[in-house]
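Trainee: pasting the sequence and the predicted model now:
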Amino acid sequence: MKQTNLKSAVHQSAISNLWILTNGSISSNPAELLGSQAMEELLVDMYNPFDTIVFDTPPILPIADVHILANQCHGIVLVMKSGAGEKDAVLKAKDILDNAVGKFFGVVLNQKSSQKMNSISSIITKRSRNDK
């Protein structure tokens, strides 16, 4: 059920041309809400006045919400903390995003050392080449 309109729900930030829409109240079933007709209508409404829309989501592996949203977006960027993810978990997240409707743009690695970056980049690049 639509409780408000987009114009009254978004708020301009202190940064020029950056608008924010917060999540509102917590749903008892967020996956159902994200897959609803109301969410589909919200996305259509948002794509009209805004050039780019960024969703900040919980981690991809333990939560179904992200999978649902990844199939409704045009593009996806995986953000991860250096040293926080095991190789198998990183590759599983990448596989999930590769199979989503939205195009997987790549990975942003936070708090990394140059040496670790080369290792992770090598793993993801090799895996991408093997998938083709």
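Mentor: Here it is on my side, so go on.
Trainee: what about the nearest residue to Leu42 once chain neighbours are set aside, how many neighbours?
Mentor: Excluding its sequence neighbours, the residue lying closest to Leu42 (Cβ to Cβ, 6 or more residues apart in numbering) is Leu6, at 7.0 Å. From N, CA and C alone the C-beta is placed, and that goes for glycine too. Residues lying near Leu6 (other Cβ atoms under 10 Å) number 16.
Trainee: where does Leu6 land on pLDDT?
Mentor: The score at Leu6 is 82. That number is its pLDDT.
Trainee: for it, give me its contacts.
Mentor: Shown in contact with Leu6 (Cβ atoms under 8 Å, 6 or more residues apart in numbering): Leu21, Leu42, Asp45, Met46, Pro49.
Trainee: show me where the protein has strands.
Mentor: Along the chain, counting by DSSP state E, strands occupy 11-12, 19-20, 75-81, 103-110.
Trainee: buried deepest among the ones you listed, which one?
Mentor: Stretch with highest mean neighbour count among the strands of the chain: strand 75-81 (a mean of 16; mean count of other Cβ atoms under 10 Å).
Trainee: state the distance from the residue nearest to Leu42 to Glu32.
Mentor: 21 Å (Cβ to Cβ, to the nearest Å).
Trainee: does Leu34 really touch Asp65, like I thought?
Mentor: Yes - counting by Cβ atoms under 8 Å, Leu34 does reach Asp65; the two are 5.6 Å apart.
Trainee: count the neighbours of Asp56 for me.
Mentor: Neighbours of Asp56 (other Cβ under 10 Å): 6.
Trainee: now it: phi and psi?
Mentor: Backbone torsions for Asp56, taken as degrees, to the nearest 10, come to phi -100, psi 110.
Trainee: against His11, how distant is it?
Mentor: For Asp56, the distance to His11 (Cβ to Cβ) stands at 15 Å.
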